[in-house]
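Colleague: pasting the sequence and the predicted coordinates here, then a few questions.
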Amino acid sequence: MQHSFDAASKVLPKNKKRRMPQYLHAFVDVIKANPQLITLVCELRVEFDMDPFISDRKSGLDAVLKIMKDRACNLASFWLTGPGNDPLPWTELSRDVGQSFVSICRLQTMKALHFENITDLPMTIIVKCPSCRRLHIKAVTLFVPLNLSSNSAVDFPPVPLEHISVGKSVHDFWQCYSGIGEFLSKIKTFKVLIDDHRDAGATNEILRRAAGSLGLLDVCYSRLDLFFIYRGKRIDLGLLPRLHTIRLRISDGVRQKLPHTTDVVRFLNYTTHPTSIETIDLFYSLTTTLDGIDAFVPSAKDLEKNTWRSLHPTSLQEKYPHLKELYIKMDIRLARSEADPVLDSSSKSSIERSMESQIKDLIASESAPRVDLNGICIDVNLTVSDL
């Protein structure tokens, strides 16, 4: 059995935060008395808030990190998270703590790194992790040393990264690592948040580098209107011969009606070659009002143009000849006013099933050829919250 050690202060009440140094020193004492216990730790999570103890050498954190890097022989996953509202500057860490983080990342057993809400994270902390296969960064700015600031190729030991998730600023991520030889060329799964055309262009470059290995692409968009991404280089799924799954995640704010699929279909259809994709997953996240939920999904006859029909298997067949499954997930938050009735679980489930059937009917409208639709799965999840 393996365990995770979580050195997190922000999940504790204030009175317990003040005692955090006691907890950390106690942990070190326990390990020293029972050295075999450290071999059970496979994951280390460090979550910072802005309390003064962070950079205080008396906090005990440096002692915990030292024992981790020296004795945790099965440590395979490391999480470093700054405060959500005000990111943690790497430069404010004490020298001992910063060096310990670097040493932990370079352990031969380290397979996964997770960084979130940090500024000036040294970019070399990732490329010098010899065994890392999974990387997740979100709301992170990277620090590039002056001797690495040019775009010329730089030699680093190969990093076997296979799974990467970049939330926010993928353009900056690409700028940092684009000049490093074969870095990013062995990716099997890539999840990315695209906020603007620069992010779209950077994503396109990363996909080109990983074209020979990428199997799953997971793209998050901050809004439904995708037209802004076409100012840069478009993402061409036809240039990814090993890609078998594409996931699009779209946040669409407040809506009174089911969103159209024009931009989604435009994204899917921009391919210069037929793709090898077998699965298309579409995730929508939006909000509507409870009193208008009955009319949220219109019938095909009430639509001037039924864009959902473009997701019919026959419509996608030319560009997606290997397509086996289309999965559509709708996470809908229902805003409920005081005048609206309470929605019990039975009524909620009934509305969800009805909406799933209505959306499937839009895709398989009468004007579309009748084919087997068993590969189409619609999943609607309603969450009610008061205004």
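Modeller: Alright, I've got the coordinates. Computed from a predicted structure; not experimentally measured.
Colleague: next, residue 44: phi, psi?
Modeller: phi -120, psi 130 (degrees, to the nearest 10).
Colleague: can you pull up the bridge partners for it?
Modeller: Beta-bridge partners recorded for residue 44 (DSSP bridges): residue 5, residue 78.
Colleague: I figured it was touching residue 77, is that so?
Modeller: Yes. Between residue 44 and residue 77 there is a contact under C-beta atoms under 8 Å: 7.3 Å. Using the backbone N, CA and C atoms, a C-beta is placed for each residue, glycine as well.
Colleague: ok, those two, which is more surrounded?
Modeller: Remark: of residue 44 and residue 77, residue 44 carries more neighbours, 23 against 17, as counted by other C-beta atoms under 10 Å.
Colleague: roughly how far apart are that one and residue 113?
Modeller: Here residue 44 is placed at a distance of 11 Å from residue 113 (C-beta to C-beta, to the nearest Å).
Colleague: what do those two both touch?
Modeller: Listed as contacting both residue 44 and residue 113 by C-beta atoms under 8 Å, 6 or more residues apart in numbering are 77-78.
Colleague: which regions of this structure sit below the pLDDT cut-off?
Modeller: Applying pLDDT under 70 to the chain flags the ranges 1-20, 50-58, 146-158, 181, 223-233, 365-374, 387.
Colleague: could you pull out the helices for it?
Modeller: With DSSP state H as the criterion, the chain has helices at 14-17, 20-33, 61-71, 95-105, 124-127, 170-177, 197-209, 262-269, 313-316, 345-363.
Colleague: how about the ones you listed in JSON lines, adding mean neighbour count and distance to residue 282?
Modeller: Putting the helices of the chain into JSON lines (neighbours: other C-beta atoms under 10 Å; distance: least, C-beta to C-beta, whole Å) gives the following:
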{"stretch": "helix 14-17", "mean neighbour count": "11", "distance to residue 282": "42"}
{"stretch": "helix 20-33", "mean neighbour count": "15", "distance to residue 282": "44"}
{"stretch": "helix 61-71", "mean neighbour count": "20", "distance to residue 282": "41"}
{"stretch": "helix 95-105", "mean neighbour count": "18", "distance to residue 282": "35"}
{"stretch": "helix 124-127", "mean neighbour count": "21", "distance to residue 282": "31"}
{"stretch": "helix 170-177", "mean neighbour count": "21", "distance to residue 282": "21"}
{"stretch": "helix 197-209", "mean neighbour count": "20", "distance to residue 282": "18"}
{"stretch": "helix 262-269", "mean neighbour count": "18", "distance to residue 282": "6"}
{"stretch": "helix 313-316", "mean neighbour count": "17", "distance to residue 282": "12"}
{"stretch": "helix 345-363", "mean neighbour count": "15", "distance to residue 282": "11"}
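Colleague: residue 288 is nearest to which of those?
Modeller: Among the helices of the chain, the nearest to residue 288 by C-beta to C-beta is helix 345-363 (10.9 Å).
Colleague: check the offset of the closest one from the chain's centre.
Modeller: 28 Å (C-alpha atoms, centre = their mean, to the nearest Å).
Colleague: hmm, back to that, got a markdown table for the helices of the chain, with distance to residue 162 too?
Modeller: A markdown table is the format used below for those (distance: least, C-beta to C-beta, whole Å):
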| stretch | distance to residue 162 |
| --- | --- |
| helix 14-17 | 37 |
| helix 20-33 | 32 |
| helix 61-71 | 24 |
| helix 95-105 | 17 |
| helix 124-127 | 14 |
| helix 170-177 | 15 |
| helix 197-209 | 14 |
| helix 262-269 | 25 |
| helix 313-316 | 28 |
| helix 345-363 | 34 |
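Colleague: out of those helices, flag the one nearest residue 84.
Modeller: helix 14-17 (16.0 Å).
Colleague: compute the number of surrounding residues for the nearest residue to residue 383 once chain neighbours are set aside.
Modeller: Leaving aside its sequence neighbours, residue 383 sits nearest to residue 333 (C-beta to C-beta, 6 or more residues apart in numbering; 5.1 Å). Neighbourhood size, residue 333 [other C-beta under 10 Å]: 16.
Colleague: so residue 333 touches residue 284, yeah?
Modeller: No. Because the distance of 11.4 Å does not satisfy C-beta under 8 Å, residue 333 is recorded as not touching residue 284.
Colleague: how close does residue 71 get to residue 38?
Modeller: Residue 71 is 5 Å from residue 38, by C-beta to C-beta.
Colleague: rewinding a little: so how far is residue 110 from the residue nearest to residue 383?
Modeller: From residue 333 over to residue 110 (counting by C-beta to C-beta), the distance is 38 Å.
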